[in-house]
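Enquirer: Quick one: sequence plus predicted model below, questions after.
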Amino acid sequence: MGLKRLIYHLYENTLLREVRRGEMPRHIGLILDGNRRFAREHGLADVLEGHRRGAEKLEQTLLWCEELEIRMVTIWILSTENLNRDPRETQGLLNLIERKMRELVTDPRVHQRRMRIRSIGQLELLPVSTQQAIRAAEEATRTYDAFFLNVAVGYGGRQEIVDAVKSLLRWRMERNESLSKIIEEITPDEISKHLYTYDLPDPDLIIRTSGEIRLSGFLLWQSAYSEYYFCDAFWPAFRKIDLLRAIRSYQQRQRRFGA
């Protein structure tokens, strides 16, 4: 083991011991940013190779979370805005998502770990074959409850809130309630019940890679009291120490929940 690797290993173990003494976030959100820039910076012939390496990094990161007994992770892999990118890149990304979802259906690690996969977003915006692959992964894991992986695909935070309000109005109007009564009785709790994540706890910690310091609409409603951590590394270069630093930062903060 070279000196650099030895120092890295020792530092990682020190961080690991430190965070294990604190309270772990129950639910982490990950904005997987920087795949394209990683590909360009490393001279890769195709930006899709950056996305492929990002998918490999996700598998590794989920293992790290499991080791830390963090049992719920929500990842943002495709926004509604991403669908407007170069058609070739968009189709390549959709093909990658589709292939990975189909692999999850038969991946023995998914079933051994009892990982439940669930999508959030507007799946109807995606090609039928991609929708089918996602639904197949959801169906194959729907009874599992040891680890929860929520995949935001075709997702936009503002659109989620719009969809929640529409769903709430539709639900109340089906009960023949007057518009004035509905307006009078709408509350944040009522809207929350109609979000894509209506039955999930809000994220405690949201991590965004690539040095961008913004949420870009990720879980806008749910992240009202989340802690944020922005990491300079591009997603494919995300390391275990980056995750541990994010958790340590979370543990060092006093959560006030709006107070």
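Expert: Sure thing, it's come through.

Enquirer: all strands of the protein, in order?
Expert: For the chain, the strands defined by DSSP state E occupy 27-31, 72-79, 115-120, 147-155, 205-208, 227-230.

Enquirer: Out of those, which is closest to L93?
Expert: Nearest to L93, of all the strands of the chain, is strand 72-79, at 6.6 Å by C-beta to C-beta. The way it works is simple: take the backbone N, C-alpha and C, and place the C-beta from them, glycine included.

Enquirer: Looking at the strands of the chain, which is nearest to S192?
Expert: It is, among these and with distance given as C-beta to C-beta, strand 115-120, at 13.9 Å.

Enquirer: centroid residue for this protein?
Expert: I75 (1.4 Å; C-alpha atoms, centre = their mean).

Enquirer: Around W64, how many other residues sit close by?
Expert: 17 (other C-beta atoms under 10 Å).

Enquirer: contacting residues around it?
Expert: 240, 243 (C-beta atoms under 8 Å, 6 or more residues apart in numbering).

Enquirer: Distance check, it against R253.
Expert: W64 is 21 Å from R253, where distance means C-beta to C-beta, to the nearest Å.

Enquirer: Verify the stated contact: L219 with L200.
Expert: No. Distance between L219 and L200: 10.0 Å, which falls outside the contact criterion (C-beta atoms under 8 Å).

Enquirer: Same drill for the two, tell me which one is more crowded.
Expert: A count of neighbours by other C-beta under 10 Å puts L219 above the other of L219 and L200, at 25 against 16.

Enquirer: Give me the distance from stretch 34-43 to the chain's centre.
Expert: Averaging C-alpha positions (C-alpha atoms, centre = their mean, to the nearest Å) puts stretch 34-43 21 Å from its chain's average.

Enquirer: could you give me the average pLDDT of it?
Expert: Mean pLDDT, computed over stretch 34-43, is 96.
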